[in-house]
Each structure stands twice: as structure tokens, then as C-alpha cells.
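Participant: heads up, no residue letters with this:
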């Protein structure tokens, strides 16, 4: 039994692209379990693009992380000790305790995960936040209909890969973008995308999208923003639906980027709708999403990839690598 | 009885702001009425901002006007001769025959107007396209709830003025922008807006809107786009709804404008929805909108203003003046 709880704190707010020096490994004492609480030993930590936003001091989004505090975010682990009536030792629990080996919690933002559905790491991926993001953010907002064309920017990420697969289940043409040829291979050969392009090797996104989406774009699931969105908006069909899931192209910008004033004009002339969402708005319906995604996994209709790095001390490296696009699947850190 | 039908043709596609030389007065022969047709004598012609878009060669919007053809758009008049079973002499009809003194039609895009509801000029305003634009574009897309704050850009226009009044009927705080102090007076004293500002006299739109919308913006009805939209988007509340009705600040641009890449990011972090619309999508529900607007007029809850210029030959001047913001109410041309 260890005597310390290794944690990663935010040491400084990153300026532009994060550096490892923006984070600090801290050895804290093991927590003691009080009444109504339980202790969970972390098994996997999730690193996700949205966490970059929380490292800024920005109003209106999720609360900013605080300097000198543990970075919070999705984690899954096993209860080791409990004085909470709802959780007992051995329960697999996912929650938001974040980048640390042990967490003391009264159960806020925690839920039990059924390990018979799929490996417990999926609680952070296809059956967790990224999976729910894809499921609800795509189906509820893009409202795909068979025969339509769906474009997914950032399609090789944990969310985008699932959106493309769900688009295929719904009978759509799925077109994606990603940043390496290897990822394009995955999209086409494993995820079943009909077409995909490496945005780092294409200059004219609009021309490429016109080629890959000859019938225009009915649903656009946007993880990226910026010039890829400009191109996608120019190809919208009447009554197109755009789901704004992320704007990763701008997360590390230190100054507001400029671009053509195109979005509102295209929404107008194509009578289209763009909706931004944060997945917690769908929390009441997660059971529906988890059950459907688990069934699709069992039927072989949805598959998933994981990239695993070992050791809580490597979480900043995993996070930075994920922002760099180094991962091929959902980036996780395995602890202990 | 006149022997000619004076018409205004598009002489050249305007480059930037339209000039009178982009239009030509043509004396055509009076049309002869064939079976299944009727002739209508124009009484009022409507000039509207969206018509500027149709003067360009732009794909995807309403069909572009053709050079050498009569400019079409909303008009109202009286049937003078009919061989059509659905229309008889004396019927008041509104339709899209546009900038000419007489029109021959088989009734396409025409509907009878009940002159007992309100003066027939309202068929082109509060009970016509601008009224339906305000009614459906605001209520269906902004979904206003009592106590919310609604910002209307271009609030003194035929549509914006009605949107503000409907917002007040729904119990919202209504805030508007317009381009002259006289229009601001109208908004505050006649239309019942709670606050309004002259965008030509304010430098920092965001600071002004923060002052006038202390609780943020829940509904944004956008006629204008550009920097006013940047400011409005920065103040959106969670789950705000944005109705994109027009982008008049850009209609005369000869090159794509640039601005901060703000819209998609703000939609994301505020979980907001922006929807563009063209009012014909609501055509099946116009009777509902006309009945409700007529009732509100009778109850004194909605009032309207008209600016009337006389003579079909002055229609280009009325149109250009409207784009310049010279009018104080719905700009009409009275014919004959």
C-alpha cells in the first residue's frame, strides 16, 4: 500500500501551446475516508481537448482550473474504502477527480460503471464522455437522415471517429479530415468513412470538400473550426445542421483569430442551423446513450481505439501529445 | 386608361452600392389577358433589403434577377380584368410581380388580401412579408420567454420594429440598434423598446450592449451582421437563440469581409443555436401569422410606420434610399 497520493497540479496558465512546465507533480498524503465518503484508486485518466480551455481564465465555459490545484477531468477506478451507503469496495466508478492516483469523494459527479458492458477504460471513451458527445451531439443536433452527407472535422479523434461510424449506421455518406496519412488510413479502412483527407497536405479545403461531397453537406460535426469550417460552411445544403463540438484549431491561440465573415451569411442563405453544445446538457439521457453504444459495440457496428500511456506522472505529456495529434485513438493514462 | 405599362428593369448588376443607373425605366405595351389569367393594377410596391442580394449572381439564395427583366418583388394591387376562376375584378391581390404598373399573371405566388383587416398597403408590411418575417423568424427561432433580453440589430427597419414590439408583447426586455437619433427616438417612444443605441455614434458596441443588456442576451434577432454581431455574440447567455434574418452590413460588399473568428466559439461555449431563415419556409403558416398580427394591431399592441414615395419611376430611388437607411418605416412606392 503506497503512502502518498501522486497528483498533477496546474503550475501556470499555459500561454499558447502548453508545456510540461505548466504542470507540477505533487506528492500529497493519502486521504482519510470520512462518513459519507469513499476512496477510489484511479485506473485510467482521460486527457481531452476541452481541458485546454479550462486552463485559461475564461468566463462562461466550465470553471477554469486553479493554479496549485489538482487538474480535474474524467477518470475511472475502483473503490478501495467506503463509508458511503451507495458505493462499496470493488465498485468500478467513473467521475471527475482527475489527475491523481487516489481520490476522496462524497460521490459528486461519480457514477458506477458496469464492467460487464465492455473493458472499464471505455468508461472514459466510447461509453463515457467522448461516446456521449458523439452520440448526442451528432444525433440530436445534426439529425442525420439516410442518404445525406456528413462531414466530420477532426475525424480521427475520440469523438470524431465515433461520429463517422454512427453516420454510417444511419446510412449517411461520411467524410472526415485528420492530420496524418496514417489517420486517414484508419478512417477509411477501419472506421468506414467513405472519404477523408489530410488537412495538412491540402491547400484548398473547399475544392477538396467539393470533390469529396459532390452532393454538398447536410450535417457538419465540427471539432476544429477555422479554415476547415469556412470550407464546410461554403458547401452547406439548404436546411443543413451544424453541431459545434470543439474549435481545437483555436484552443492555443493567444490572440483572437480573424477570418472571412462567412458563417452567419451562409446560415442565412442556406437556412441552416448551427448549435454549440457541452455534453453535460445531455446527462439525464446518458443511460440511453450508453445502452445504445454498448449494443452497437456488441453487434460489431462500432469499434474504438485507445492509446495508453503509463504512469500518472506522464499525464501532462499525454495531454500535450493529444493536443499535438500524436494519438491514434482515445488517449488514456493508465495508473498504478 | 393608359396605353403603356411602365416597368423598372435591371440594367446592370450593381457593383457595391447600387446606383440609379443600374436600373432602367421601360415603357412596355399593356398586357392582354388570356384564359386562366388576370391583370392586376399595382397600387403599392415594396422595396426590401433582401432584393439587393438578388441583384448579384449568387448561387443558393433566391434566383438572381436577370438583366433586362422586370425586377420582381412584393406588390399589392387590384384586379382590373380576369379570365381566371379564382380572381375577379376588384379583388385586392398581393404577389411578386414587382416593379411595374400592370401585371399579367396566372395567379402564381399571388394571394387575395382581405382589405377589412387593415389598409391594403399593410399587405406589403405588417401583414405581409416583413410582418411574417418578424412573426415567424422571431417567435419560432428566438423562442422568447418572459423576462429574457432580446437584442434586435437594425431595429428601426420594417422587420426589426415589429420584432421589438412582439418581444414586448412576450414580456421580454427589448434592446435595439439603428443608425439615426431620430430612429432611436422612434424605437424608445413609439415601439416601446427598453433601450436602443445609434450604432453610428457608438464606437465600442460590446461595452454599449453590456450596459443596455445587464443580464446578457437570450435572443438575438440579427438583420445586420458584422461588428454588431460580434458584440452581441460576446454577450450571449447559455442556451441563447440567434435568428439570422439579414446581414445588411455586408450586402454591398464587393469583397468578403473579415472579422474575428468568434461566432462558432461563442455558440460552443454558450451552448447557443443560430438559425438562418428565409420567410417562404413558413408560407404554410402565414394565415396564423396574419391573423395574430391583425389582432395585435386592432388591440393597439402593434403599430407600424410607412414611408411612401409616389410613382413607379421612383422605385430605384426608394430602394437605394432604403439601403441608405433614409426611411423611418416600411418603404413603399405608391403607383398610379
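Facilitator: Perfect, thanks for sending it. Quick caveat, the model's predicted, so the values are computed rather than measured. Numbers count the residues shown, from 1 in each chain, chains lettered A, B, ... in the order given.
Participant: Pull the contacting residues for the residue of chain A most remote from its centre.
Facilitator: Note on chain A: the largest C-alpha distance from the chain mean falls to residue A:35, namely 34.0 Å (Cα atoms, centre = their mean). Applying Cβ atoms under 8 Å, 6 or more residues apart in numbering or on different chains to residue A:35 gives the contacts residue A:83. All C-beta spots, glycine's among them, are computed from the backbone N, C-alpha and C.
Participant: Ramachandran angles for it?
Facilitator: Backbone torsions of residue A:35, given as degrees, to the nearest 10, read phi -60, psi 140.
Participant: I'd like to know how far it sits from chain B.
Facilitator: 35 Å (Cβ to the nearest Cβ, to the nearest Å).
Participant: Check residue A:4 too.
Facilitator: 37 Å.
Participant: now that residue, nearest residue through space, not along the chain?
Facilitator: Among residues not flanking residue A:4 along the chain, residue A:27 sits closest, at 4.4 Å (Cβ to Cβ, 6 or more residues apart in numbering or on different chains).
Participant: In contact with residue A:164: list those residues for me.
Facilitator: Shown in contact with residue A:164 (Cβ under 8 Å, 6+ apart): A:150, A:152, A:155, A:174, A:176, A:187, A:191, A:192, A:193.
Participant: which stretch of helix or strand covers it?
Facilitator: helix A:158-169 (DSSP states H and E).
Participant: now residue A:188
Facilitator: With elements taken from DSSP H and E, the one containing residue A:188 is helix A:181-189.
Participant: And that helix, what does it pack against?
Facilitator: If you count contacts as 3 or more Cβ pairs under 8 Å, 6 or more residues apart in numbering or on different chains; DSSP states H and E, helix A:181-189 packs onto helix A:158-169, strand A:173-178, strand A:195-198.
Participant: Pipe those into TSV and attach distance to residue B:203 and mean pLDDT per row.
Facilitator: Output for the helices and strands packed on helix A:181-189, formatted as TSV (distance: least, Cβ to Cβ, whole Å; pLDDT from 0 to 100):
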stretch	distance to residue B:203	mean pLDDT
helix A:158-169	41	96
strand A:173-178	39	98
strand A:195-198	43	98
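Participant: and of those, who's closest to residue B:109?
Facilitator: When those are compared for distance to residue B:109 using Cβ to Cβ, the nearest one is strand A:173-178, at 34.7 Å.
Participant: Spell out which strands sit alongside that closest one in the sheet and which way each one runs.
Facilitator: strand A:149-152 (parallel), strand A:195-198 (parallel) (DSSP bridges).
Participant: quick one: contacts of it?
Facilitator: So strand A:173-178 is contacted by A:147-156, A:160, A:164-165, A:167-168, A:184, A:186-187, A:191-199, A:205, A:209, A:212-213, A:215, A:224, A:228, A:325 (Cβ under 8 Å, 6+ apart).
Participant: filter those residues to the buried ones?
Facilitator: Buried members of the contacts of strand A:173-178, scored by 16 or more other Cβ atoms under 10 Å in any protein chain shown, are A:148-156, A:160, A:164-165, A:167-168, A:184, A:186-187, A:191, A:193-197, A:199, A:205, A:209, A:212-213, A:224, A:228, A:325.
Participant: Could you tell me which residues of chain A lie near chain B?
Facilitator: When proximity is defined by Cβ under 8 Å from any Cβ of the partner chain, chain A lies next to chain B at A:53, A:58, A:60-61, A:222, A:225-226, A:229, A:238, A:244-247, A:250, A:256-278, A:281.
Participant: all helices for the stretch 1-150 of chain A, in order.
Facilitator: A:50-54, A:129-142 (DSSP state H, counting those that start in this stretch).
Participant: Just checking the distance from the last one to the centre of its chain.
Facilitator: What that stands for is helix A:129-142. Relative to its chain's centre, helix A:129-142 lies at 10 Å (Cα atoms, centre = their mean, to the nearest Å).
Participant: do the first one as well
Facilitator: Averaged C-alpha coordinates place helix A:50-54 at 11 Å from its chain's average position (Cα atoms, centre = their mean).
Participant: now for it, which elements pack on it?
Facilitator: Partner elements for helix A:50-54 (3+ Cβ pairs under 8 Å, 6+ apart): none found.
Participant: For chain A, give me the ranges with low pLDDT.
Facilitator: Within chain A, the segments meeting pLDDT under 70 span A:1, A:59-62.
Participant: Mind doing that once more with 80?
Facilitator: Applying pLDDT under 80 to chain A flags residues A:1-2, A:58-62, A:250-256.
Participant: For the residue nearest the centre of it, which residues are in contact?
Facilitator: Closest to where the C-alpha atoms of chain A average out (Cα atoms, centre = their mean) is residue A:130, at 4.3 Å. By Cβ under 8 Å, 6+ apart, the residues touching residue A:130 are A:46, A:48, A:124, A:157, A:158, A:159, A:162, A:330.
Participant: change it to 7 Å
Facilitator: Contacts of residue A:130 were listed using Cβ atoms under 7 Å, 6 or more residues apart in numbering or on different chains, and they are A:158, A:159, A:162, A:330.
Participant: What about those, which one has the most neighbours?
Facilitator: The most crowded member of the contacts of residue A:130, judged by other Cβ atoms under 10 Å in any protein chain shown, is residue A:158 (31 neighbours).
Participant: Would you check that that one makes contact with residue A:330?
Facilitator: Yes. At 3.9 Å, residue A:158 counts as touching residue A:330 under the criterion of Cβ atoms under 7 Å.
Participant: Check the offset of stretch A:45-55 from the chain's centre.
Facilitator: 9 Å.
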